[in-house]
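Trainee: Next one to model:
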Amino acid sequence: MTIDDILEQAKMLSSQERDELVERLIALRDAARAQPEKPKTGAEIVAMLEVMDEPIEFVDSHIEDPVDWVKAQRRKRQEKLKSYRNSDE
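Mentor: The predicted model follows:
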């Protein structure tokens with residue numbers, strides 16, 4: 001069932017039923033947000049990566065030191081943002 005299918009069914013509800021549906025959907029969303037997601041373990045992350053159809057392409061995989069890797073990503077991000085700022089001038 002798609003969102004469009006559900007929307008078509010919702011159109012057939014009375015105004016009062018639609019109001020109740022909206023309230024219940026909002027409550028469902030809020031309940032999901034209120035429950036913090038349990039962090040995944042390393043094994044769970046590896047399992048997720050293994051079942052992916054396409055291979056993962058790591059960015060700057062030649063940088064082995066994690067601190068240097070983060071610094072490189074920040075530097076690249078700043079350069080990218082500079083190019084956006086300079087294009088406005």
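Trainee: top helix in this protein by residue count?
Mentor: Longest helix in the chain, counting residues (DSSP state H): helix 66-87.
Trainee: Go through that one and flag the buried ones.
Mentor: Trp69 (16 or more other C-beta atoms under 10 Å). Every residue, glycine included, has its C-beta placed from N, CA and C.
Trainee: Quick one: list the elements packing against that helix.
Mentor: Using 3 or more C-beta pairs under 8 Å, 6 or more residues apart in numbering; DSSP states H and E as the contact test, no helix or strand touches helix 66-87.
Trainee: List of residues touching that helix?
Mentor: With contact meaning C-beta atoms under 8 Å, 6 or more residues apart in numbering, helix 66-87 is reached by Val59, Asp60, Ile63.
Trainee: shaky segments in the protein?
Mentor: Across the chain, the ranges flagged by pLDDT under 70 are 87-89.
Trainee: tell me which element Gln16 falls in.
Mentor: helix 15-34 (DSSP states H and E).
Trainee: so after that helix, what's the next helix or strand?
Mentor: Next along from helix 15-34, by DSSP H and E: helix 42-51.
Trainee: centre of the chain versus that following helix, how much separation?
Mentor: Remark: helix 42-51 is offset 17 Å from the chain centroid, using C-alpha atoms, centre = their mean, to the nearest Å.
Trainee: returning to what we had before: among the contacts of helix 66-87, which one has the most neighbours?
Mentor: The most crowded member of the contacts of helix 66-87, judged by other C-beta atoms under 10 Å, is Ile63 (15 neighbours).
Trainee: where's it, which helix or strand?
Mentor: Judged by DSSP H and E, Ile63 forms part of no helix or strand.
Trainee: what residues are up against it?
Mentor: Taking C-beta under 8 Å, 6+ apart, we find Ile63 in contact with Trp69, Ala72.
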